[in-house]
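[1] got a predicted structure here, sequence first:
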Amino acid sequence: MAVDQNLRIRDGLLRELPQMQRLLEAEQVVALCETYGRSAVVFVLRGVLEDVRKGIQNGALAAAPDIRTMVALSAERLAQRRERVLRRCINATGIILHTNLGRAPLASEAIDAVAEAARSYCNVELDLESGKRGSRTQAIEPLLKVLTGCEAALAVNNGAAAILLALSALADGGEVIVSRGELVEIGGGFRVPDIIRQGGARLVEVGSTNKTRLSDYRAAIGPATRILLKVHQSNFRMIGFTDQTAIGSLAALAREHNLLLTADLGSGLLEDLGRSAEPTLRQALEQGADLVTCSGDKLLGGPQAGLILGRKTPVDAIRMHPLLRAVRLDKMSLAALEATLMLHRDRPEGVPVLRMFGQSEDVLRQRAERLRSLVGTGIVERSEGFAGGGSLPEEQIASFSLRLAAPKGDEETAALLRSGRPAVICRIRDGQVIADMLAVADDEVPELAARLRAVLT
């Protein structure tokens, strides 16, 4: 009898649930439709009704919620649907090219170029002068020739794709000689030996982990050798009892044996920052590299991209390879890259990454003191920042930070800072929040202060 009575009660509750049309006619739902769109509101209302039905059927709900309650729940879910996973973060870590935070922020000129390309059609593969099909690199190749002195250039969707494409086009079925000290993992589990194998070539390791001489390369050259590959060591450096072979020496050896020398410089250094012995792209080409590959979103300060620069003959061979279509850049990335390269040509100080590297300690200290005055507490102190993104790994950058107590504990404090709008990412350890000013823009200081006050005080 009790079971039958419960079933009757549940059936009665289910019959009391409003029909969808009745819900849609409610004044609050009409307002939601104006804000979120009818399709989204109908989808969410159906989900709410289904959840209520299940709650009644399994006994979790003893009464049917009224329309106002269901509308309120629907409004909450609709707001959550509009929350994007990707959102703006304030980078207070002291790492300029933070890979997890998207590396280089774009210049306003690049952002405007992306918006223009995105909102309309653009001549991504149309030569406006002749009216015929044009090259996808028509915008960036002339700029790269001016900036680096290369004979020809290509752009693909990232640095790993650049070296993979070059090897696939020029070394498939042959051998690629690399120093053992340069068989690096470039992040995300991708390793140079894997890329070489994927390119259809056979890896020939030479030298030792810490020392590789020109004679090691010479001894390894055989009939199947196609490329001498010199790899940027990305996010580590070996110090002490070490020795590497210079690009110039490898270039002479490559010419002697009619081989190609490819230098993967990784970080894309266009201007000498005075911080590292790493050559610029122009210097690597002048020293004799036939091809140079690098990323576009590191020290170059542009969008994610991979650049291939060098002599016309090998670049043209790469241009004809079918893999190029699979790794080509989209119109928005090309627009951002062109705008960034134009800044390097005409006004390098307009590139945000270069501005960050050029900040004086006095500017950073004043920014930290301004943050302290807005938060109302904390200690301004010297700190050490880094380039990040596998660039300038042994270079520490003098900076200033604001140190604050984190009474809620490290994990909870970090989670609360990440949950805000904008999200705040900084160093947190041993009950202390350290907000480094190296990668914080002046106009972000008030927002950063507001978030810190909300979480910490």
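    Yes, it's here.

[2] please count neighbours and contacts with C-alpha atoms only from this point.
    OK.

[3] tell me where the model's unsure across the stretch 151-300 of the chain.
    Low-confidence segments of the stretch 151-300 of the chain (pLDDT under 70): 186-189, 233-242, 275-277.

[4] can we see that at 90?
    160, 181-196, 198-199, 207-212, 231-245, 266-269, 271-279 (pLDDT under 90).

[5] all helices of it, in order?
    All helices of the stretch 151-300 of the chain, identified by DSSP state H, counting those that start in this stretch, fall at 159-170, 192-198, 214-220, 247-256, 281-286.

[6] what's the answer for the stretch 1-150 of the chain, then?
    Remark: helices assigned in the stretch 1-150 of the chain by DSSP H, counting those that start in this stretch are 2-16, 20-25, 27-36, 38-57, 67-81, 108-119, 141-148.

[7] out of these, nearest to Ile379?
    helix 108-119 (32.8 Å; Cα to Cα).

[8] quick check: buried residues in that closest one?
    Neighbour-count burial for helix 108-119, with 16 or more other Cα atoms under 10 Å as criterion, is recorded at Glu109, Ala110, Ile111, Ala113, Val114, Ala117.

[9] pretty sure the fourth one contacts Ala335?
    Yes: taking contact to mean Cα atoms under 8 Å, the distance of 5.5 Å between Ala113 and Ala335 places them in contact.

[10] now do the contacts for the nearest residue to Ile90 once chain neighbours are set aside.
    Counting by Cα to Cα, 6 or more residues apart in numbering, the nearest residue to Ile90 once its immediate chain neighbours are dropped is Val424, at 4.9 Å. Val424 sits next to Cys89, Ile90, Asn91, Ala92, Leu417, Arg418, Leu448, Arg451 when contact means Cα atoms under 8 Å, 6 or more residues apart in numbering.

[11] may I see these arranged in TSV, with pLDDT, distance to Ala64 and neighbour count as well?
    Shown next, in TSV, are the contacts of Val424 (pLDDT from 0 to 100; distance: Cα to Cα, whole Å; neighbours: other Cα atoms under 10 Å):
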residue	pLDDT	distance to Ala64	neighbour count
Cys89	96	41	16
Ile90	97	44	22
Asn91	97	47	25
Ala92	97	48	22
Leu417	94	38	21
Arg418	94	37	17
Leu448	97	44	25
Arg451	95	40	22
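
[12] restricted to strands, list those.
    Cys89, Ile90, Asn91, Ala92 (DSSP state E).

[13] returning to that earlier point: most tightly packed of the helices of the stretch 151-300 of the chain?
    Most buried of those by mean neighbour count (mean count of other Cα atoms under 10 Å) is helix 159-170; its value is a mean of 24.

[14] that one packs against which elements?
    Helix 159-170 sits against helix 192-198, strand 291-295, strand 306-310, helix 312-319, with contacts defined as 3 or more Cα pairs under 8 Å, 6 or more residues apart in numbering; DSSP states H and E.

[15] that helix to strand 306-310, inter-axis angle?
    Counting by axes from the mean of the first three to the mean of the last three Cα atoms, to 10 degrees, helix 159-170 lies at 40 degrees to strand 306-310.

[16] quick one: low-confidence ranges for the stretch 301-450 of the chain?
    Ranges of the stretch 301-450 of the chain meeting pLDDT under 90: 387-396, 406-410, 420-421, 429-430.

[17] part of a helix, is Val440?
    No: using DSSP: H, G, I helix; E, B strand; the rest coil, the secondary structure at Val440 is coil, not a helix.

[18] I'd assumed Ile95 was in contact with it.
    No: look at Val440 against Ile95 with Cα under 8 Å: they stay out of range, at 10.1 Å.

[19] once you drop chain neighbours, what's closest to Pro348?
    Nearest residue to Pro348, sequence neighbours excluded (Cα to Cα, 6+ apart): Leu354, at 7.2 Å.

[20] kindly report the same for Arg403.
    Among residues not flanking Arg403 along the chain, Ile434 sits closest, at 4.6 Å (Cα to Cα, 6+ apart).

[21] and for the host helix or strand of that neighbour, what's in contact with it?
    If you go by DSSP states H and E, Ile434 is part of strand 432-436. Strand 432-436 is contacted from outside by 92-94, 368, 383, 385, 399-406, 410, 426-428, using Cα under 8 Å, 6+ apart.

[22] the same query, at a cut-off of 10 Å, please.
    For strand 432-436, contacts defined as Cα atoms under 10 Å, 6 or more residues apart in numbering pick out 90-95, 364, 367-368, 371, 378-385, 399-407, 409-410, 413-414, 424-428, 448, 452, 456.

[23] what subset of those is buried?
    90-95, 364, 367-368, 371, 378, 380, 382-383, 385, 399-406, 410, 413-414, 424-428, 448, 452, 456.

[24] domain-wise, how is this structure divided?
    Structural domains assigned to the chain are 2-81, 89-98+354-456, 130-350, following automatic domain parsing.

[25] in a markdown table, list these along with distance to Tyr121.
    Formatted as a markdown table, the domains of the chain follow (distance: least, Cα to Cα, whole Å):
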| stretch | distance to Tyr121 |
| --- | --- |
| domain 2-81 | 27 |
| domain 89-98+354-456 | 30 |
| domain 130-350 | 9 |
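
[26] among the ones you listed, which comes closest to Val124?
    domain 130-350 (5.8 Å).

[27] neighbours of the residue nearest to Arg403, how many?
    Using other Cα atoms under 10 Å, Ile434 has 26 neighbouring residues.

[28] so who does the nearest residue to Asp127 once chain neighbours are set aside touch?
    Leaving aside its sequence neighbours, Asp127 sits nearest to Gly134 (Cα to Cα, 6+ apart; 4.6 Å). By Cα under 10 Å, 6+ apart, the contact set of Gly134 is Asn123, Val124, Glu125, Leu126, Asp127, Leu128.

[29] going through the residues you listed, which ones are buried?
    For the contacts of Gly134, buried by 16+ other Cα under 10 Å: Asn123, Val124.

[30] out of the contacts of Gly134, who's nearest Gly268?
    Of all these, Gly268 sits closest to Val124, with 23.7 Å by Cα to Cα.
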